[in-house]
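Undergrad: Could you look at this predicted model? Sequence included:
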Amino acid sequence: MIFFGRWTQITSIMELTKTKISELTVRFAGDSGDGMQLVGKKFSDALASTGIDLITFPDFPSEIRAPEGTLYGVSAYQLRLGSKDISTHGDEIDLLVAMNASSLKVNLPNLKKGGIIIANLDGFDKRNLKLAEYEQSPIDTDELADFKVIALDMVGEARAKLKEHGFPPKTLKKSKNFLALGIVYWLIDLNMSSTVNWLEKKFRKNEEALKANTSVLQLGWEYAEQQNIVETQFEVGNKHFEPGNYRNIAGNQAVAIGLVAASRKAELPLFLGSYPITPATEILQYISSYKKYGVKHLQAEDEIAGITSAIGASYGGYLSVTTTSGPGLSLKTEALGLAVMTELPLIVVDVMRAGPSTGMPTKPEQSDLNQALFGRHGEAPMPVIAASSPSDCFDMTIEAARLALKYMTPVLLLTDGYIGQSTEPWKIPSPAELPSLVKNLEVDKENFQPYMRDPETLVRPWVFPGMKGLEHRIGGLEKQDGSGKVSYDAANHQKMTDIRQRKIQGIQNDIPDATVTGPESGELLIVGWGSTKGAITTAMDRLTEEGYDVAHLHLKHMNPFPKNLGNVLANYRNILLPEMNTGQLKMVLQAQYLRDIIGFNKVQGQPFKASEIENKVKEILVGEEVMS
Amino acid sequence: MIFFGRWTQITSIMELTKTKISELTVRFAGDSGDGMQLVGKKFSDALASTGIDLITFPDFPSEIRAPEGTLYGVSAYQLRLGSKDISTHGDEIDLLVAMNASSLKVNLPNLKKGGIIIANLDGFDKRNLKLAEYEQSPIDTDELADFKVIALDMVGEARAKLKEHGFPPKTLKKSKNFLALGIVYWLIDLNMSSTVNWLEKKFRKNEEALKANTSVLQLGWEYAEQQNIVETQFEVGNKHFEPGNYRNIAGNQAVAIGLVAASRKAELPLFLGSYPITPATEILQYISSYKKYGVKHLQAEDEIAGITSAIGASYGGYLSVTTTSGPGLSLKTEALGLAVMTELPLIVVDVMRAGPSTGMPTKPEQSDLNQALFGRHGEAPMPVIAASSPSDCFDMTIEAARLALKYMTPVLLLTDGYIGQSTEPWKIPSPAELPSLVKNLEVDKENFQPYMRDPETLVRPWVFPGMKGLEHRIGGLEKQDGSGKVSYDAANHQKMTDIRQRKIQGIQNDIPDATVTGPESGELLIVGWGSTKGAITTAMDRLTEEGYDVAHLHLKHMNPFPKNLGNVLANYRNILLPEMNTGQLKMVLQAQYLRDIIGFNKVQGQPFKASEIENKVKEILVGEEVMS
Amino acid sequence: MSTIIDQFTQMDTNGGSQLTAKDFKPDNDVRWCLGCGAYSVLYPVQKFMPDLGVPKEKIAFVSGIGCSGRFPYYMETYGFHGIHGRPIAIASGLKVSRPDLSVWVVTGDGDNMSIGGNHFIHGCRRNVDLNVLMFNNEIYSLTKGQYSPTSKQGQVTKTSPLGVLETPFNPVHMAIASGAPFVARGYDKDRFHIQYLIERAARHKGFSFVELLTNCLIFNDEAFDDFTKKDVRDDNTVNLEHGKPLVFGKEHDKGIILDGFKLKAVTLGDEYSINDLLVHDETDSTLAYILAGMDDDPELPHPVGVFLALDKKPYDERVTDQIAYAKEVQGEGTLEELLLGDDHWEVN
Amino acid sequence: MSTIIDQFTQMDTNGGSQLTAKDFKPDNDVRWCLGCGAYSVLYPVQKFMPDLGVPKEKIAFVSGIGCSGRFPYYMETYGFHGIHGRPIAIASGLKVSRPDLSVWVVTGDGDNMSIGGNHFIHGCRRNVDLNVLMFNNEIYSLTKGQYSPTSKQGQVTKTSPLGVLETPFNPVHMAIASGAPFVARGYDKDRFHIQYLIERAARHKGFSFVELLTNCLIFNDEAFDDFTKKDVRDDNTVNLEHGKPLVFGKEHDKGIILDGFKLKAVTLGDEYSINDLLVHDETDSTLAYILAGMDDDPELPHPVGVFLALDKKPYDERVTDQIAYAKEVQGEGTLEELLLGDDHWEVN
Ligand SMILES: Cc1ncc(C[n+]2csc(CCOP(=O)(O)OP(=O)(O)O)c2C)c(N)n1
Ligand SMILES: Cc1ncc(C[n+]2csc(CCOP(=O)(O)OP(=O)(O)O)c2C)c(N)n1
Ligand code: SF4
Ligand code: SF4
Ligand SMILES: [Mg+2]
Ligand SMILES: [Mg+2]
């Protein structure tokens, strides 16, 4: 019944042995109330801190607390762990924890043949089976014949155990997730101390809860050990991490930290004007907890007040930010034009979700690129950049701040719900390593004009209230070159339009060239942007291993593009562009470089699987479709 | 001093003669309070009703009533008239009425060498000269040596005249514009009766005012005649107009009338939800005066309520509309996504003005095309069409309604401040000639599902409250194919995204092929869209006359494009695309057809001049720059 | 103008009187958390619907985004789940175009008072005949627990870890000041009263605003317990009833008197009798405003019931009237006439 | 944290006391129509500025779009001409980030009460220390004459050829109900009084809302003549003065009394003496609300002056305080600490 796809060594039966694995995909699934997010998070912290690489992917239902046991109420936490570089949360599941029938049903299609199921029998009673639309328990049929099933009544087991300690039974239901976690720990023979430490911290003031939880966790381990649930434990080697400090980080948190870091490096105070919206809300929440860092934030009445208050703070000399997701970005478009016209620094973070309209708020997509590039009335160019992984959100946030401050412009940073909520280990930079950020605060007071410009960068000075003798008026009307006075002059409007465009285009000179992983020319170049990086990288690894002639270019700057981009594209016969949209970047690249690009478009509210990209490449290169 | 550029015949000096002309550009310019818009309008009505073709272009200052005499306070009304097809309001002025020094100064650069100036001396007094920043009166210097100047003290002349009739002097200032008009009438020897009729209607209840105004008008004529101000009157031949009823119409009015016409032809009531904004407000104003036609409108609290109330009315079964300009369109983008998702018919009219941000509200531009095509979060495709002349606004409004109703989709109609406010004679269709409009009201009640679709067009039925037994829920969340229930299913989202896109793309099969004026293949194709049509047409006429190998294709459907567009483009070696933006259509065409296109971009808040296009074409074809 | 709408909607429609609450329940699950205060509005609404006397195809529920926004999915009528903050605007377009419908709005404290604040105040002022049910749980629930414009000053939420800095809106004050002709308030723990308020709102012609205090047990549990729980309710709320004195208390032994324009709670007995008490008048908007102010005074009970019910012609009717007037005075407009305009000429 | 802002703004700044009104006039033309009511606000503001005692580089005027929106161009201070409806939001960001500035908002009845309505009510509630001057001409002027949310019912405008169907907002009611701590009203024909109100608003800490009735002679001429013209003014307005009885009339022979919570106009003489009159109390928001209601009663004069002036800690100060508190309790946060977080580990 057990088939270990990629595992390197299987020892003899009967005796407990260890199987070295380089990668494993684990998914904890259950009801919203089953605490799957918590155990997933604790497990990944434990893994990471012992030097195992990983990517996590929390996957909630859209309901706050959907009725227990329903198919749509399943909440899951997936992670891929390994001893080598992990860049996606995994296509297929190796190990599934299923706390009830619905969670099994929903996740079974993604379970690898031969994978392990840890099932909580308690969640397969009549009611649960009915809600999951099972006629009969799949555990009793041969539906799961292809898998290794470890089924136990977690509540019953825990009850027995806790009774020994004399604990009241009400602590039971709540701790069954830790029993499951204990089993998983045993399966990969991982030290549980980090989780125990955490429990100790959390229940510092509640000894009973502490004991209950730790003993249930312990029980899971023991149960697995004593029942001999599998013949072989997994052994995950450590990845070689460079020396340094690490933490697990999600993209939304990385943005929040990045903002503070940028403000410190720029020696500017930070202001966030924002309105909650899934999946960007967490950034606002993190920032609102940063009071001790001196950060100011305004939870605005709506997205328009979010961005306009940020513009006000930028006018006041703050590093200013607004954060949102699709529908909110739509509402901010008018004000973005104001930021363009007044040439004030502003960071706009869009954590993209599946659209159109309300769409599927909890699901990721890359379909706001058009909006970011073109979604403003009039000619209103601004830099657009995108982050490609949870930790890259930190770097790109600093890049957004760098561009905004240096070029006196709003900058749009695109991330998405996938990297916003996924986590990965991040090598924490020391403050000193971070780049200093340039600001345009020096003015020639004698000849001061609000729209005087640096002849090279075309950037105007940042002059804010309080600066003596430099009083002036700015606003959304077209302004006279230099003086900044209102002007309806035809030639002036042309000039200012050109300047605004050239200023942004000129940023080409200040961003890194596009670089390619893989051969510098050849059959096929995969161009990616944003959160597809993980899947493309994993696919690339496999393809390269298999000897395919493929290269990968991952764009971080979508406006302007790196200067050498056209030349790089010219080096490949085919260009493949996987996007979680219907071809938005494809259109822009085609327009700019007049190259025919093969779009690979997935609009399902789900990240790409590495295998999908792998197969697509093979299809192009071999010219025949390969089954996934 | 007089040089008649294009005039065909000059008769002997000393005796009053007539010069036949085929085209003439007249500009009335003065203070906002000088009534230039009024005389311009009356003059053009008189011209048109006697069978002379024309295009008018009102050109106000942005101030409501700027201080008298200032340069920025000049208000003008320009028109080009002729005995042949007139398609622009004229590049250079042949005849300038200048009521004060500022109006002369501002307009002189556009006056043709040899042109005529009718100057009101009263407006060249010390104060006026100073405000116009003249050291000395230009009438007394040789600054105007290249022109024919007819200078008179209009107030003084009028005073003398009115005294004869015994009128009080306070009527004076207000009627000097009619004196100027009388002179112009004489110059082209045009019957003043239509203006006299209008005065009679207007002053039905005020005999004194009537007499004063008519006699001042008369005075202008007499003055011109008696003073022998020029040796030769102009004679404008009539254009051959097809038989029928005609009126002068501005684009904004044509949209308003078009909406009512569409609603009548669709047998649907009409609802407009709108918020005032220059230069779109007039549509709202016209509609609000159509109560007797049963039209409902809601002047909303903001643009968002404008569009969402229209969506509500569309859900209720009305032909629904919202009208706006750039900043308002930005505010409507979120709700546009809702209309896409709910697949409800909706017309959105954007009368484009110069951006970004508040920009130059009274000036036209074509820079909202990007926004129209791409300015929504998520994948939210919708048809985008554009009107090319004042009267075409009527046709394209009906086209917008046709597409919206037939395809259950929001449709964006782009016009701009130029064609919105310009007028031209329009052959009025009879109601019977207008196309009937298809609606999707028939449903199979037995198998009803809100998102069931016509297998060909992929259109869902329009089912509104009140229809018995068809109760259902719709909204902005992604919906299950067919049932329309909320769905987060991955495959379903892909399917629905594809359907929404294919539905819009399928409109290609239902719009006319792109047709070309001029040779069907060759050196150069000018592609235009929107209000550039007039200038391109005029340029084409001249170029063709001069023997250049040029063709013209004017796009009305920007999404989807006509099916044959790619093929047509392929027939020409060069493609020139003049746009009043930095190259928005160019980008889309390049992306779609991978053709390198020569952009010709004017972002000055001013329409193209025919001569600019003419010269650009020559530059490309001859390879050398031609002076304009 | 009799239109296609009449043709499609006036076929075999009959009254709704034979219907029962069950007819208004669609066959899909309700996806609110078990125990959510929202159920306490849903059930009374479903129960009341048959009494409304309107066939169900003539009823439309329009909502915004939030937990409350799911409401239309739970009603077997026409339903429109709009975008965040805009349900009143959408519903206004619907009702102005279709005065024949019974149009309901379901919104939340965030949806209606934060992002939708402008449509709310203009809705009150414009007075389109809508029935607006605002689920006030003093929190953004769907986005998992940020403070809303009705959250209390000092409240700790996910975006106010050290406490909210703003003072909350008083929704009843806002509605009255903005011109709403009908304003009421109920709370989830008294469904019977909610059903009464819903009926009143439905019967009132014009914009009816009902604030419903609904507990969110996940993100702001027990927000209203101090005055809505069974044991404290009678002492801590006062029910406003038109023409009746303001009595409250478990033993009906307390009341509200008016001292100038100030309210005071008194104990009935020697000093004060029932005749001294303030008598509620639903038609007085100043009084309604004063009464709503009790919320801010810890000495006074929280007012619930119908604050205001003014006779005021709804906007949608005015629109219809103005059209009729125009037709009468100017004559019914024909398309031909409109096309020709005043200044046309003929070419032969 | 002392920031770069301090470094750039605290250089050689001195008080503004030596300045005169002229110092606040920039060298460009004022482009309002001659005779526009807006001048009647501009001049008093320019006049008052030197007395404010704030150096002009520390003063910022933020406006929206409308005729009124041009105001900042006419002040030789910092100025920001924002987008339509958003000046309060922009100014809030400015003031929260820069409490050292004196921040003014200039807006119109359309800008503030139509498209900007949500920011207005939230501005009142949030109580950022702004001075908001709303030019109410009961019309959209810049767009040439459409009705606004303060236009009168029945008013004929370009978009209401048969009369406006809505009832107008009472801006003072809205401000009070939304929580504004300072609310006042003046009119263009009394510039002296306007200057007083501006001074009061400026001195008040927190959100100060001043409604200014400004005549638009082009699109809504004489809108306020029936109570602001010299000859009728005394009889048709009553000036609210804290602690003083409400006397009005050319001969100071009339007054306002309170009957329960109703206001009545009486003639002083045998029946009523000055001692019977209602005495204004700026610190009572219920009273302020009642007084603002006089507008709706044709028997009563229109109230002008300071309706409300409550002591309420502004939001911007609360933000500063909360940050100080967090630093005190949690310690000043370093970037290193933030980067490391709670759960980091080291690899050697
Ligand atoms: C334009 C936009 N902004 C933000 C959101 C995110 N959002 C959805 S519901 C909500 C708040 C809901 O609060 P409330 O109206 O009180 O409803 P509740 O969930 O408490 O019933 C927010 C901020 C959104 N969907 N759309
Ligand atoms: C987003 C947007 N919508 C509409 C407009 C057009 N607009 C400019 S000013 C204005 C109304 C101004 O009215 P009010 O605030 O009363 O100012 P007033 O001109 O009367 O001083 C409108 C509708 C705009 N500039 N921007
Ligand atoms: S989260 Fe709160 S408001 Fe939402 S359904 Fe659950 S209990 Fe109700
Ligand atoms: S139009 Fe009216 S509000 Fe505008 S400047 Fe002129 S008078 Fe003033
Ligand atoms: Mg809520
Ligand atoms: Mg106004």
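TA: Okay, I see it. Ligands and ions are numbered 1, 2, ... in the order given.
Undergrad: Would you map the strands across the stretch 151-300 of chain C?
TA: Taking DSSP state E, counting those that start in this stretch, the strands of the stretch 151-300 of chain C run over residues C:182-187, C:208-213, C:237-240, C:247-248, C:254-259, C:262-267.
Undergrad: can you list those in CSV and add mean pLDDT?
TA: Output for these, formatted as CSV (pLDDT from 0 to 100):
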stretch, mean pLDDT
strand C:182-187, 98
strand C:208-213, 98
strand C:237-240, 98
strand C:247-248, 98
strand C:254-259, 96
strand C:262-267, 96
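Undergrad: between those strands, which gets nearest to A:Asn197?
TA: Distance to A:Asn197, taken as CB to CB, is lowest for strand C:208-213 among the strands of the stretch 151-300 of chain C, at 42.4 Å. Every residue, glycine included, has its C-beta placed from N, CA and C.
Undergrad: Partner strands of the closest one and their direction?
TA: Using DSSP bridges, strand C:208-213 pairs in its sheet with strand C:131-136 (parallel), strand C:182-187 (parallel).
Undergrad: and the last one, how far out from the chain's middle?
TA: Relative to the mean C-alpha coordinate of its chain, strand C:182-187 is positioned 7 Å out (CA atoms, centre = their mean, to the nearest Å).
Undergrad: thinking again about what came up before, mind putting the strands of the stretch 151-300 of chain C in CSV, distance to B:Phe241 and mean neighbour count included?
TA: Putting the strands of the stretch 151-300 of chain C into CSV (distance: least, CB to CB, whole Å; neighbours: other CB atoms under 10 Å in any protein chain shown) gives the following:
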stretch, distance to B:Phe241, mean neighbour count
strand C:182-187, 59, 28
strand C:208-213, 58, 27
strand C:237-240, 72, 23
strand C:247-248, 81, 19
strand C:254-259, 77, 18
strand C:262-267, 77, 16
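Undergrad: helix or strand for the closest residue to ligand 2 within the stretch 501-628 of chain A, which one?
TA: Taking CB to the nearest ligand atom, ligand 2 has its nearest neighbour within the stretch 501-628 of chain A at A:Gln501, 23.4 Å off. Taking DSSP states H and E as the criterion, A:Gln501 maps to helix A:490-505.
Undergrad: Quick one: mean pLDDT for that helix?
TA: Per-residue pLDDT over helix A:490-505 has a mean of 98.
Undergrad: Which strands and helices lie in contact with it?
TA: Helix A:490-505 is packed against no helix or strand, with contacts defined by 3 or more CB pairs under 8 Å, 6 or more residues apart in numbering or on different chains; DSSP states H and E.
Undergrad: And the next helix or strand past it?
TA: Per DSSP H and E, the first helix or strand lying C-terminal to helix A:490-505 is strand A:516-517.
Undergrad: Packing partners of that next one?
TA: Applying 3+ CB pairs under 8 Å, 6+ apart, one finds that strand A:516-517 contacts strand A:550-555.
Undergrad: who's in contact with the strand it packs on?
TA: For strand A:550-555, contacts defined as CB atoms under 8 Å, 6 or more residues apart in numbering or on different chains pick out A:386, A:388, A:514-529, A:533, A:536-537, A:540, A:543-544, A:561-562, A:565, A:568, A:572, A:585, A:617, A:621.
Undergrad: switch to 7 Å and redo it
TA: Strand A:550-555 is contacted by residues A:388, A:514, A:516-519, A:522, A:524-529, A:533, A:536, A:540, A:543-544, A:568, A:572, A:617 when judged by CB atoms under 7 Å, 6 or more residues apart in numbering or on different chains.
Undergrad: where's it relative to the chain centroid, distance-wise?
TA: Computed by CA atoms, centre = their mean, the chain-centroid distance of strand A:550-555 equals 20 Å.
Undergrad: Lowest average confidence across helices and strands of the chain, where is it?
TA: Chain wasn't specified; assuming chain A. Each helix and strand of chain A was given a mean pLDDT (mean pLDDT, DSSP states H and E); the minimum falls on helix A:154-165 at a mean of 82.
Undergrad: residues of that helix that come out buried?
TA: Residues of helix A:154-165 classed as buried by neighbour count (16 or more other CB atoms under 10 Å in any protein chain shown): A:154-155, A:157-159, A:161-162.
Undergrad: what does stretch A:536-552 give?
TA: A:536-541, A:543-544, A:548-552.
Undergrad: what's A:Thr397 in contact with, if anything?
TA: By CB under 7 Å, 6+ apart, the contact set of A:Thr397 is A:255, A:258-259, A:262, A:413.
Undergrad: Which two of those have the greatest separation?
TA: Spatial extent of the contacts of A:Thr397 (CB to CB) is set by the pair A:Ala262 and A:Leu413 at 11.2 Å.
Undergrad: follow-up on the earlier one: closest to A:Arg127 out of the buried residues of stretch A:536-552?
TA: Taking CB to CB as the measure, A:Arg127 lies nearest A:Thr538 of the buried residues of stretch A:536-552, at 39.8 Å.
Undergrad: Next up, phi/psi of that closest one, please.
TA: Main-chain dihedrals, A:Thr538, degrees, to the nearest 10: phi -60, psi -40.
Undergrad: cool, and A:Leu121?
TA: Torsion angles at A:Leu121 (phi, psi; degrees, to the nearest 10) stand at phi -60, psi -40.
Undergrad: Please identify the buried residues of stretch C:49-66?
TA: Those would be C:49-52, C:54-66, for stretch C:49-66 by 16+ other CB under 10 Å.
Undergrad: quick revisit: quick one: which of the contacts of strand A:550-555 sit in helices?
TA: A:533, A:536, A:540, A:543-544, A:568, A:617 (DSSP state H).
Undergrad: B:Leu210: which of those residues is nearest?
TA: For the ones in helices among the contacts of strand A:550-555, the nearest to B:Leu210 is A:Val568 (76.9 Å; CB to CB).
Undergrad: what residues are up against the closest one?
TA: A:514, A:516, A:553.
Undergrad: mind running it again at 8 Å?
TA: By CB under 8 Å, 6+ apart, A:Val568 lies in contact with A:514, A:516, A:525, A:553.
Undergrad: Could you export those to TSV, including columns for distance to ligand 1?
TA: Output for the contacts of A:Val568, formatted as TSV (distance: CB to the nearest ligand atom, whole Å):
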residue	distance to ligand 1
A:Ala514	35
A:Val516	39
A:Leu525	38
A:Leu553	34
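Undergrad: filter those to the buried ones?
TA: Buried members of those, scored by 16+ other CB under 10 Å, are A:514, A:516, A:525, A:553.
Undergrad: so what's A:Ala101 closest to, chain neighbours aside?
TA: A:Ala132 (3.6 Å; CB to CB, 6 or more residues apart in numbering or on different chains).
Undergrad: quick one: pLDDT of that neighbour?
TA: 95.
Undergrad: That one contacts A:Asn107, correct?
TA: No. Assessed by CB atoms under 8 Å, A:Ala132 is found out of contact with A:Asn107, at 11.4 Å.
Undergrad: before we move on, back to that, got any residues that touch both of A:Ala262 and A:Leu413?
TA: Shared contacts of A:Ala262 and A:Leu413 (CB under 8 Å, 6+ apart): A:397, A:400.
Undergrad: What's the local residue count around the residue of the stretch 501-628 of chain A closest to ligand 2?
TA: 18 (other CB atoms under 10 Å in any protein chain shown).
Undergrad: Spatially nearest residue to it, not counting backbone neighbours?
TA: Distances taken as CB to CB, 6+ apart place A:Pro381 nearest to A:Gln501, at 5.2 Å, with adjacent residues excluded.
Undergrad: How much space separates A:Thr278 from C:Leu268?
TA: 52 Å (CB to CB, to the nearest Å).
Undergrad: A:Pro465 now?
TA: A:Pro465 sits 60 Å away from C:Leu268, going by CB to CB.
Undergrad: Looking at those two, which has the bigger crowd around it?
TA: For A:Pro465 and C:Leu268, the more surrounded residue by other CB under 10 Å is A:Pro465, and the numbers stand at 26 against 18.
Undergrad: Please name the nearest non-neighbouring residue to the more buried one.
TA: What sits nearest to A:Pro465 in space, not counting adjacent residues and going by CB to CB, 6+ apart, is D:Tyr78, at 4.0 Å.
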